[in-house]
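# Quick one, structure for this:
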Amino acid sequence: MSIEIPEQYRDLLEGPVVVTLTTVSAEGKPHAVAVWRRWDGEHILITSDRVTRKIKNIQANPQVSVAALDPKNPYRFLEFGGEVVEVTPNGALEELNRHTRLYMGKDEYFGGVEPAEGLAKYDGVLIRIKPTRIVKFG
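Now for the predicted structure:
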């Protein structure tokens, strides 16, 4: 069963709103980072390089939080608690390009945002988060 997003908050997940992903390390230390994301109607999809603090934390503890703050009204936000249900290289580049179209208006990340040569070194993963609770405000 999917979390229902009220209509008046859907812009925070369907538009180009940078969100904050918070993970927790094996030692219990929180780590928050601003990321691009996409909502597919059931999961929050985020891409990352394979070797990052957030991936290490997710491997230790799949429980995460994602907060979307309205850039026009800081008193309006969505916050999701959820679980990472998958970290996979499959589809990571395609998802990164979807994010690039949404956030930057460019077709491809490599060659549009970063130099095309970077594609040869790309080692990304797709993070699939299943929200289990939602807090809305404003």
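
# quick one: contacts for the most far-flung residue of the chain relative to its centre?
The outermost residue of the chain, judged against the average C-alpha position, is residue 117 (24.5 Å), by C-alpha atoms, centre = their mean. Contacts here follow C-beta atoms under 8 Å, 6 or more residues apart in numbering; on that basis residue 117 touches residue 110. Every C-beta, even on glycine, is put in place using the N, C-alpha and C of the backbone.

# Buried residues of the helix or strand hosting residue 34, list them for me.
In this structure, residue 34 is located in strand 30-35 according to DSSP states H and E. Across strand 30-35, burial judged by 16 or more other C-beta atoms under 10 Å covers residue 35.

# Would you map the helices across this protein?
Residue ranges of the helices in the chain, as given by DSSP state H, are 11-14, 53-60, 92-104.

# May I have the second one as PDB, with CA atoms only?
Provided in PDB are the C-alpha atoms of helix 53-60 (Å, rounded to 0.1, in the frame of the first residue of the first chain):
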ATOM      1  CA  ARG A  53      28.400   8.500   3.300                       C
ATOM      2  CA  LYS A  54      24.600   8.100   2.500                       C
ATOM      3  CA  ILE A  55      25.100   4.700   0.900                       C
ATOM      4  CA  LYS A  56      27.300   3.500   3.700                       C
ATOM      5  CA  ASN A  57      24.700   4.600   6.200                       C
ATOM      6  CA  ILE A  58      21.800   3.000   4.200                       C
ATOM      7  CA  GLN A  59      23.700  -0.300   4.200                       C
ATOM      8  CA  ALA A  60      24.000  -0.100   8.000                       C
END
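
# got the contact list for it?
Outside of helix 53-60, the residues that reach it under the criterion C-beta under 8 Å, 6+ apart are 21, 23-26, 31, 33, 48-49, 64, 84, 87, 125, 127.

# same question, the shortest one
Applying C-beta under 8 Å, 6+ apart, the contact partners of helix 11-14 are 5, 17, 37, 39, 44, 68, 69, 70, 76, 77, 78.

# between those, which is nearest residue 96?
Nearest to residue 96 among the contacts of helix 11-14 is residue 37, at 11.4 Å by C-beta to C-beta.
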